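Participant: I'll drop the sequence and a predicted model, then ask my questions.
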Amino acid sequence: MTTENTVTTTMYDKISDPMAAISQMGEWISKSGLFGCEKVEQGMVLAMASYSERRPITDICRRFHIVKGKLAMKAEAMLAEFNQRGGKHVWVKSDDKVATLRLSYDQFKDFEVSFTIKDAERAGLCGTEGAMNKGQNGPGSWQKMPDAMLRARVTSKAIRMVCPEIVAGVYTPEEVNDEIRPTAHVETRSLLSSAPAPTTPAPAIEAEVVPPAKTLHEELKDLLAEIGKDSVEWLIAKKWIREDQPTDELPVEKVKELLARKSQFKQAVKTFAELRDKKEKKNV
């Protein structure tokens, strides 16, 4: 632990009323106008993270940022923590069309992940070849700095596949800013125009009996069955569950993470199985 962190830990240990301290720190952070905080509550989120991790607030704010009211982790902070945990990364390619990141960590060796401008287009983040989306008011980040946006996206994608415990439930500022929210279209009509003709009511339809929706853990069981036994071995290898522990006891946050990224999870399990098999053959 560095001298700065040691001093900070000692300081936090002397706090007799943590919530009062967090409230005061949150107020200072929000009033400073730094780190994307606009409200005291947002400043308190960063203050709580600082207190719980016993880190200086400046250190926390180098890693996190408040974007649209949400806690976001900067892409470079994800890579920094990944390297601190023993991982290694190399940028194979980075331009305005593709970003490719090579990672090595734990069972992953020279694992390459890419994010292209075509991927961004398919996700609705930009128009064709990085152009503006229809209805977009002027050039945005995808038009001004596509290389940086691609690097942020592939960093988040790669870290979630190789070392998801770093970013579980947290996104990069770029991902938060790219969230697409549906716009409500309200029909406008002059008060002087004639009222629309009444429509004929639709015939009554018998209510359809809908079976109860599956729980998240039931959906996970279906996914694990689809992937095969290697998926459970992957969970054990990542220390998400013990060998004698049922998948029903996996935390809901991690279940959501796996279900939200099924294709990445499948690829991670496939890579894990290939590396395991190679290692076993080598030891024979």
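Facilitator: Received, thanks. Numbers count the residues shown, from 1 in each chain.

Participant: please parse this structure into its domains.
Facilitator: 3-67, 76-177, 216-283 (automatic domain parsing).

Participant: okay, those in CSV with mean pLDDT and mean neighbour count next?
Facilitator: (C-beta placed from N, C-alpha, C; glycine too.) As requested, the domains of the chain are arranged in CSV below (pLDDT from 0 to 100; neighbours: other Cβ atoms under 10 Å):
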stretch, mean pLDDT, mean neighbour count
domain 3-67, 68, 16
domain 76-177, 87, 17
domain 216-283, 86, 14
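
Participant: for the protein, which helix is longest?
Facilitator: helix 262-283 (DSSP state H).

Participant: from the contact counts, what lies against that helix?
Facilitator: strand 108-116, helix 146-162, helix 216-227, helix 229-237 (3 or more Cβ pairs under 8 Å, 6 or more residues apart in numbering; DSSP states H and E).

Participant: can I get the longest one in PDB, CA atoms only?
Facilitator: Output in PDB follows, covering the C-alpha atoms of helix 146-162 (Å, rounded to 0.1, in the frame of the first residue of the first chain):
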ATOM      1  CA  PRO A 146     -14.200   7.400 -33.300                       C
ATOM      2  CA  ASP A 147     -10.800   5.800 -32.400                       C
ATOM      3  CA  ALA A 148     -11.200   6.700 -28.700                       C
ATOM      4  CA  MET A 149     -14.900   5.500 -28.700                       C
ATOM      5  CA  LEU A 150     -13.900   2.200 -30.200                       C
ATOM      6  CA  ARG A 151     -11.100   1.700 -27.700                       C
ATOM      7  CA  ALA A 152     -13.400   2.400 -24.800                       C
ATOM      8  CA  ARG A 153     -16.000   0.000 -26.100                       C
ATOM      9  CA  VAL A 154     -13.500  -2.900 -26.700                       C
ATOM     10  CA  THR A 155     -11.900  -2.300 -23.300                       C
ATOM     11  CA  SER A 156     -15.200  -2.700 -21.500                       C
ATOM     12  CA  LYS A 157     -16.100  -5.700 -23.700                       C
ATOM     13  CA  ALA A 158     -12.800  -7.400 -23.200                       C
ATOM     14  CA  ILE A 159     -12.500  -6.900 -19.400                       C
ATOM     15  CA  ARG A 160     -16.100  -8.200 -18.900                       C
ATOM     16  CA  MET A 161     -15.100 -11.400 -20.800                       C
ATOM     17  CA  VAL A 162     -11.700 -12.000 -19.200                       C
END
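
Participant: now the angle from that helix to helix 262-283?
Facilitator: Here the directions of helix 146-162 and helix 262-283 differ by 60 degrees (axes from the mean of the first three to the mean of the last three Cα atoms, to 10 degrees).

Participant: name the element residue 244 belongs to?
Facilitator: In the assignment (DSSP states H and E), residue 244 maps to no helix and no strand.

Participant: need phi/psi at it.
Facilitator: Residue 244 has phi and psi values of phi -90, psi 10 when expressed as degrees, to the nearest 10.

Participant: who wins for proximity to residue 124 among the helices and strands packed on helix 262-283?
Facilitator: For these, proximity to residue 124 was assessed by Cβ to Cβ; helix 146-162 is nearest, at 13.2 Å.

Participant: what's the angle from the closest one to strand 108-116?
Facilitator: Going by the same axes, to 10 degrees, helix 146-162 makes 140 degrees with strand 108-116.

Participant: packing partners of helix 146-162?
Facilitator: By 3+ Cβ pairs under 8 Å, 6+ apart, helix 146-162 packs against helix 75-84, strand 88-94, strand 98-105, strand 108-116, helix 117-122, helix 141-144, helix 173-177, helix 262-283.

Participant: need these in a markdown table with distance to residue 241, can you?
Facilitator: Output for these, formatted as a markdown table (distance: least, Cβ to Cβ, whole Å):
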| stretch | distance to residue 241 |
| --- | --- |
| helix 75-84 | 22 |
| strand 88-94 | 27 |
| strand 98-105 | 20 |
| strand 108-116 | 19 |
| helix 117-122 | 31 |
| helix 141-144 | 39 |
| helix 173-177 | 27 |
| helix 262-283 | 14 |
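
Participant: so for residue 218, which of these sits nearest?
Facilitator: helix 262-283 (14.8 Å).

Participant: hang on, the earlier thing: dump the helices and strands packed on helix 262-283 into JSON lines; add distance to residue 13 as well.
Facilitator: Converted to JSON lines, the helices and strands packed on helix 262-283 look like this (distance: least, Cβ to Cβ, whole Å):
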{"stretch": "strand 108-116", "distance to residue 13": "37"}
{"stretch": "helix 146-162", "distance to residue 13": "31"}
{"stretch": "helix 216-227", "distance to residue 13": "38"}
{"stretch": "helix 229-237", "distance to residue 13": "36"}
